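what follows is a predicted protein model with its sequence.
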Amino acid sequence: MEHLIHAENLSKSYGALRVLQGIDFELAPSEFVAITGASGSGKSTLLHLLAGLDQPDSGALYFKNTPYPTSGRELDRFRNQELGLIFQFHHLMPELTALENILLPASIAGRSGPSTEAWARELADRLDVANRLDHRPDELSGGEQQRVAIARALINKPRVLFADEPSGNLDRARSEELYALLADARSAWNVAVVVVTHSDWLASKADRRLHLQDGKWA
Ligand SMILES: Nc1ncnc2c1ncn2[C@@H]1O[C@H](COP(=O)(O)OP(=O)(O)OP(=O)(O)O)[C@@H](O)[C@H]1O
Ligand SMILES: [Mg+2]
């Protein structure tokens with residue numbers, strides 16, 4: 001079977017701190033994987049490597065059997081087209097409306113016009129923020145901001161969605177909401193999901209659950 005993502009022997013240190021020590025990872029199309037581990041165990045570091053936001057010290061990363069691009073522009077393009085990112089902090093642009101935020105990755109990809117906007121509105125509708133699209137982030141609730149960030153992550157129809165759940169957020173209701181949104185995105189658009197979470201409940205819902213400890217899979 002062809003893997004969407006395949007990572008071999010990833011290592012990453014910050015100075016003397018060896019955060020990741022030889023991590024292998026495979027992701028199948030439309031698979032839902034949860035990554036857990038104590039605070040500081042390297043979950044976000046690993047997610048950043050898988051999402052092409054940072055480079056490993058050693059090891060290799062493949063998307064559909066092709067090495068991740070190394071040049072800045074190619075890498076930007078790859079991330080923009082194939083990957084959707086939902087960060088620990090949403091990083092919505094404060095001066096843009098929700099709709100403009102959702103459309104931003106499309107406009108970076110050179111896509112605009114009625115069909116793109118219709119897709120943005122469909123996503124917003126599905127994520128229950130359709131009536132908040134003219135508002136700026138500071139006029140939205142935390143949950144609405146998160147849903148706008150998910151819509152933005154999906155605007156370019158990526159193959160993989162990476163989500164980094166806020167640390168310490170053990171609120172079961174919020175985990176259930178995030179899970180419902182991710183599961184919905186996956187079944188509606190066939191996107192694979194890699195979620196970093198502190199919630200045992202959310203991790204238990206994944207197809208596969210991986211636990212990081214001392215820079216390795218436990
Ligand atoms: N840019 C950096 N420079 C130096 N050390 C860093 C850097 N980024 C992360 N670290 C350290 O690497 C370790 C792993 O960090 P990481 O953010 O991956 O943890 P995490 O598992 O995501 O934790 P949390 O659950 O709290 O989000 C931590 O000890 C952190 O302090
Ligand atoms: Mg983290």
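Arrived safely. Residues are numbered from 1 along each chain as shown. Ligands and ions are numbered 1, 2, ... in the order given.

ranking helices and strands of this structure by mean pLDDT, which lands last?
Least confident helix or strand, the chain: helix 172-189 with a mean of 82, by mean pLDDT, DSSP states H and E.

mind listing what the residue nearest the centre of the chain touches?
In the chain, the residue lying closest to the centroid (C-alpha atoms, centre = their mean) is residue 162, at 1.8 Å. By C-beta atoms under 8 Å, 6 or more residues apart in numbering, the residues touching residue 162 are 47, 50, 51, 83, 84, 85, 86, 194, 195. Using the backbone N, CA and C atoms, a C-beta is placed for each residue, glycine as well.

swap in 7 Å and give it another go.
Each residue near residue 162 by C-beta atoms under 7 Å, 6 or more residues apart in numbering is listed here: 47, 50, 51, 83, 84, 85, 86, 194.

dump the residues you listed to CSV, plus distance to ligand 1, pLDDT and neighbour count.
Shown next, in CSV, are these (distance: C-beta to the nearest ligand atom, whole Å; pLDDT from 0 to 100; neighbours: other C-beta atoms under 10 Å):
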residue, distance to ligand 1, pLDDT, neighbour count
47, 8, 96, 21
50, 12, 97, 24
51, 13, 95, 20
83, 18, 96, 22
84, 19, 93, 27
85, 14, 89, 21
86, 14, 87, 22
194, 13, 96, 27
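
let me know the closest of those to residue 153.
Closest to residue 153 out of these is residue 84 (3.3 Å), distances taken as C-beta to C-beta.

the closest one is in contact with residue 159, isn't it?
No: Residue 84 is beyond contact range of residue 159, at 8.8 Å (criterion: C-beta atoms under 7 Å).

circling back: show me what the least confident helix or strand of the chain is packed against.
helix 142-154, strand 160-164, strand 192-196, helix 200-205 (3 or more C-beta pairs under 7 Å, 6 or more residues apart in numbering; DSSP states H and E).

now the third one: how far from the chain's centre is it?
Its chain's average C-alpha position is 6 Å from that of strand 192-196, according to C-alpha atoms, centre = their mean, to the nearest Å.

what's next to that strand, contact-wise?
4, 27, 29-35, 43-44, 47, 50, 159-165, 182, 186, 202.

filter the residues you listed down to the buried ones, ChimeraX style.
Filtering the contacts of strand 192-196 down to the buried ones (16 or more other C-beta atoms under 10 Å) takes a single ChimeraX command:
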select :4,27,30,31,32,33,34,35,43,44,47,50,159,160,161,162,163,164,165,182,186,202
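
the closest residue to residue 60 other than its chain neighbours and residue 55, how far apart?
Residue nearest to residue 60 in three dimensions, not counting chain neighbours: residue 8, with 4.7 Å by C-beta to C-beta, 6 or more residues apart in numbering. Applying C-beta to C-beta, to the nearest Å, the value for residue 8 to residue 55 is 14 Å.
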